[in-house]
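Build the 3D model from these lines:
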Amino acid sequence: MIFARVGDGRPYPDHGLTTPKQWAQVAPRQVRLDALVTTKRTLDLTLLLSEESTFYGDLFAHVVAWRGELYLEDGLHRALRTALQQRNILHARVLDVSS
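Sure thing, here's the model as predicted:
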C-alpha cells in the first residue's frame, strides 16, 4: 500500500491558506508516503506525466495535520511520482490545524 488510506474530500476545517505565497510560510519537512491519507480519489495523468508539473506551482506537496492524521491536500502527482521512483519519503509543507 502506498498511502495509509485513500480519502475523498477534506475532513478538516478550512485553514485559510489558498495561495502559494501563504503556503511558502510553512517550512517543508519529510513525510512518509504510508502515513498520508489522500483527499482525492482520482488523478489527471497529464499532471503525473508532465515534466513541468511543478514549474508553476510549489515544489513541495501540501499536507494538513488534523486529529493525528496527515492529509495530502495538494501534490498527489508528486506523491505518486515519488512512489514510482521506489522512494517512500516525500518532502511536503505540513500545516498543523489540530488546535
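
For the helix ranked longest in the chain, list every residue counted as buried.
Among the segments of the chain that qualify as a helix by DSSP state H, the longest is helix 76-84. Neighbour-count burial for helix 76-84 flags 76-82 (criterion: 16 or more other Cβ atoms under 10 Å). Every residue, glycine included, has its C-beta placed from N, CA and C.

Go through these and name the one nearest residue 27.
Nearest to residue 27 out of the buried residues of helix 76-84 is residue 78 (Cβ to Cβ; 17.1 Å).

Pull up the per-residue confidence for the closest one.
pLDDT for residue 78: 88.

next one: residue 81
Reported pLDDT for residue 81: 87.

residue closest to the middle of the protein?
By Cα atoms, centre = their mean, the chain has its centre lying nearest to residue 72, at 3.4 Å.

Ramachandran angles for the residue lying closest to that one once chain neighbours are set aside?
Residue nearest to residue 72 in three dimensions, not counting chain neighbours: residue 36, with 4.6 Å by Cβ to Cβ, 6 or more residues apart in numbering. The phi and psi values for residue 36, taken as degrees, to the nearest 10, are phi -90, psi 140.

so how far is residue 64 from residue 36?
Using Cβ to Cβ, to the nearest Å, residue 36 is found at 10 Å from residue 64.
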